[in-house]
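Visitor: Sequence first, then the predicted structure, then my questions.
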Amino acid sequence: MSPADVCAPGSPFWAVFQEAAKLGLDPDFFSQFEPDVAIRLESLIGEEMGWGDGGLGISLAAADFPLQMAMAVGNQELVELCTGKIGCWMITHPDKGSDIMVYDMKREWPKDQTGNKGNLCAKVGNDDIVINGQCSAWVSNGAVAQVALAYIAADYGNGYFDADGRPHGLAVIIPLDLPGVSRGKPLDKIGQRSLPQGEVYFDNVKVPRRFAAALQDEYYGNQSSAWSYAGTHMSQVFTGVARSAFELALQYCHERKQGGQLLIDHQLTRYRLGDMMRRVELARGVARRSLAYARLSPHTHPYATASAKVTVTEECMKVVSEALQLFGGAGTSREYPIEKLFRDARSALIEDGENYIITTRVGLLCQQLYAEGWSQN
Ligand SMILES: Cc1cc2nc3c(=O)[nH]c(=O)nc-3n(C[C@H](O)[C@H](O)[C@H](O)COP(=O)(O)OP(=O)(O)OC[C@H]3O[C@@H](n4cnc5c(N)ncnc54)[C@H](O)[C@@H]3O)c2cc1C
């Protein structure tokens, strides 16, 4: 479907949301279980969603982001505002992509240069917050969301940067039907085409200060928590995409004959399927461990959970690519869904933090820990 058709009234996209709402899989549902059971359930559900469709799995998860944050900060007014609405997580801007992850200015930023405040900024007053600018075209659900959880540079009356050049920030929940909000065209992209991405523009949009989820010094910790959670969900969904590709390849190997016998009866193809299956298991194990870490640790760390996203999406890409290879020329045709999984998996290597950058951040964490004495005694 074209991006506009995905968002149009009557599209299957809306039916998916209606059906998903009936399942009642909101944060309250999981809170009734013991943590280890809740983690297993959440992992299974995320994997099944990804098995069905990676783009929709991400869309459904991003839709809950503002509600999850409203619950996490215990703001009942925001909980009610976000309940039943399609949300989005607005953190990247046209000029601020990988830069959103720069936390350690001293090690990571050219000396004596101020940081990157991006294209979406807020002036925070005593009662109101005024927002101007735009988010990037990549924001998941940006084309359809009714409410946003936005991470933006903020001026609290003393400018946008602290003494080290780091931007002051604000996390705020914004209803997207306010005056001054407008949207770009839904993004046309290679993969996850069921996920409606797009720019949202803000022209002097005013929200009450009480809609803030994190102000001033709370900002970077809050951003880390949100990012920690996003990485874990990506991991469940792309475990599902990998499993789907493996299953399609396994079936095809039982249908296609070459060299006088079915592909499955050749030793090399059996090896290739075995290799794919162990990668799916690896992805699933890492995905569950990262969710357990995010849910059970007293202090989470975004680099740790994001590293799981890197492992899972890289393994997913290998599995999907090998599955496509097993289809031979047929894999490159639109007749088989494997080419669609290939496109979906490819986008995941960039989504929610580009994989090289995230891995570099994990290396930075090693550097920081070593400086504090880790592995030296
Ligand atoms: C499917 C999908 C869904 C997404 N969903 C959301 C969403 O819901 N919300 C949201 O806000 N954003 C979303 N994004 C945006 C995503 O987070 C960004 O695309 C990603 O963080 C990379 O930023 P960028 O595209 O600006 O690339 P850039 O940051 O411009 O990076 C381009 C290249 O330069 C390299 N690079 C960048 N900085 C450095 C450096 N310091 N040193 C060395 N190399 C560097 C990178 O490795 C990369 O290869 C989504 C993206 C995709 C593809």
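Guide: Yep, it's here. Residues are numbered from 1 along each chain as shown.
Visitor: going forward, measure contacts and count neighbours with C-alpha atoms only.
Guide: Noted.
Visitor: Give me the outermost residue of the protein relative to its centroid.
Guide: residue 260 (45.3 Å; C-alpha atoms, centre = their mean).
Visitor: Identify the residue nearest residue 348 in space, chain neighbours excluded?
Guide: Closest residue to residue 348 apart from its sequence neighbours, by C-alpha to C-alpha, 6 or more residues apart in numbering: residue 313 at 6.2 Å.
Visitor: Show me how far the strand or helix carrying residue 14 is from its chain's centre.
Guide: Residue 14 belongs to helix 12-23 when assigned by DSSP states H and E. Centroid displacement of helix 12-23 relative to its chain, using C-alpha atoms, centre = their mean, to the nearest Å, is 20 Å.
Visitor: what's that helix in contact with?
Guide: By C-alpha atoms under 8 Å, 6 or more residues apart in numbering, the surrounding residues in contact with helix 12-23 are 6-7, 60, 194.
Visitor: can you do 7 Å?
Guide: residue 6 (C-alpha atoms under 7 Å, 6 or more residues apart in numbering).
Visitor: For residue 290, what is the enclosing helix or strand?
Guide: Residue 290 belongs to helix 267-296 when assigned by DSSP H and E.
Visitor: Over to residue 191?
Guide: Here residue 191, judged by DSSP H and E, is contained in no helix and no strand.
Visitor: hmm, back to that, can you list the buried residues in the helix holding residue 14?
Guide: By 16 or more other C-alpha atoms under 10 Å, the buried positions in helix 12-23 come out as residue 13.
Visitor: now swap in stretch 262-274 and tell me
Guide: 263-264, 269, 272-273.
Visitor: now these in JSON lines, with pLDDT and distance to the ligand?
Guide: Listed next are these as JSON lines, based on pLDDT from 0 to 100; distance: C-alpha to the nearest ligand atom, whole Å:
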{"residue": "263", "pLDDT": "98", "distance to the ligand": "34"}
{"residue": "264", "pLDDT": "98", "distance to the ligand": "34"}
{"residue": "269", "pLDDT": "98", "distance to the ligand": "31"}
{"residue": "272", "pLDDT": "98", "distance to the ligand": "28"}
{"residue": "273", "pLDDT": "98", "distance to the ligand": "27"}
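Visitor: Looking at these, which is nearest residue 69?
Guide: Within the buried residues of stretch 262-274, the smallest distance to residue 69 is 40.7 Å, found for residue 273 (C-alpha to C-alpha).
Visitor: what's the closest one in contact with, if anything?
Guide: Neighbours of residue 273 in contact, by C-alpha under 7 Å, 6+ apart: residue 250.
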